[in-house]
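**Q** predicted structure and sequence below. I'll ask about it afterward.
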Amino acid sequence: MHKSIQEKFNQKFRTLLSRNNLQNILIAISGGQDSLCLINLVKNFQEKFSKTISITYIYIDHQWTKNSQQQIKHLINIIKRTKNKFIIYEINQLINSELKARELRYNTIIKYSKQYGYTHIITAHTQTDKTETFLQHIIRGTSLNGITSFNEYRKFNENIHIHRPLLELKRKEIKWLCRKLYLPIWSDITNYNYIINRNRLRYELIPYINKYFNNNIDKKINDFLINSKLDNEYINQNAIKLYLHSRHKINIALNYKLIYKQHIALQIRTLQIFFFIIQNKISI
């Protein structure tokens, strides 16, 4: 399994580098087992295929625990062995909201990317993260766009691209690989804080579903999301066609009579496209 995981990662990483002609890349890590696995896979890739590619790791420390400094030292020791650059941001403001912390984390990483010219960002998200995110979206109330937004590749804006090369792997596969390679996993106590909704999903809801309803929930949700993504892309394509056909050639306006004849799903998407373009001042 180890060889298979490394080979699949090597193929994805080589495609990413060659397709985009990349010489440097930014990797966002959290310090957990998924990040350790990603660091090891990248290190092996560099040693075998490309020692010249410039890798920068970035870590956002929310300082939620008293031993966060020790965790940073732990990460520094690991990344030192890879001989890559390591950037650390410390968040001085204590944020209890998981959603706000995630937003701040992403904003910090994107800001750093823009400032230093990184166009492609890699994260260590797995298929289990995809399952958890899907359930969070469902609980909060979301749309077809919302539940299908967590993919292996995401275009954040015109210049920033996000890649998740481990998205096909389950957390138990990552755990197996870390043990196989004796990777020094840091035990983060915040993972067991049930005030954080994702932890309740991870340690209570998902195991309950696996035990009493379906013992392969990750795969079933992933299959559902693949089908949903196809449906979503079909609706989006038709909404774009409707927008292009109904927009005014000169004024900022739409032919509402033409739009009104279409299905309500297309009406909503077309209006979303219209307002998005106005807000961002872009043209299609």
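**A** Perfect, I can see it now.
**Q** what segments of the stretch 101-250 of the chain are helices?
**A** 127-140, 144-147, 171-180, 197-200, 206-212, 217-246 (DSSP state H, counting those that start in this stretch).
**Q** looking at these, which is buried most?
**A** For the helices of the stretch 101-250 of the chain, the largest average neighbour count (mean count of other C-beta atoms under 10 Å) is found in helix 127-140, namely a mean of 18. The C-beta positions use only the backbone N, C-alpha and C, and glycine is treated the same way.
**Q** which stretch in the helices of the stretch 101-250 of the chain has the least confidence?
**A** With a mean of 85, helix 197-200 has the lowest mean pLDDT of these.
**Q** which strands and helices sit next to that helix?
**A** When contacts are defined as 3 or more C-beta pairs under 8 Å, 6 or more residues apart in numbering; DSSP states H and E, helix 197-200 packs onto helix 127-140.
**Q** count the neighbours of the residue lying closest to T119 once chain neighbours are set aside for me.
**A** Nearest non-adjacent residue to T119, counting by C-beta to C-beta, 6 or more residues apart in numbering: N159, 5.7 Å away. Neighbouring residues of N159 were enumerated by other C-beta atoms under 10 Å; the total is 13.
**Q** hmm, N159 is touching K114, no?
**A** Yes - with contact defined as C-beta atoms under 8 Å, N159 counts as touching K114 (7.3 Å).
**Q** can you give me the strands for the stretch 1-150 of the chain?
**A** In the stretch 1-150 of the chain, the strands defined using DSSP state E, counting those that start in this stretch lie at 24-29, 54-61, 85-90, 120-122.
**Q** reformat these as a markdown table; add mean pLDDT.
**A** Output for the strands of the stretch 1-150 of the chain, formatted as a markdown table (pLDDT from 0 to 100):
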| stretch | mean pLDDT |
| --- | --- |
| strand 24-29 | 94 |
| strand 54-61 | 93 |
| strand 85-90 | 92 |
| strand 120-122 | 96 |
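**Q** in TSV: these, plus mean neighbour count and distance to K43.
**A** Below are these laid out as TSV (neighbours: other C-beta atoms under 10 Å; distance: least, C-beta to C-beta, whole Å):
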stretch	mean neighbour count	distance to K43
strand 24-29	21	11
strand 54-61	20	9
strand 85-90	14	13
strand 120-122	21	13
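**Q** quick one, which of the ones you listed gets closest to A253.
**A** Among the strands of the stretch 1-150 of the chain, the nearest to A253 by C-beta to C-beta is strand 120-122 (37.5 Å).
**Q** would you agree S30 is in contact with D61?
**A** No - between S30 and D61 there is no contact under C-beta under 8 Å: 10.1 Å.
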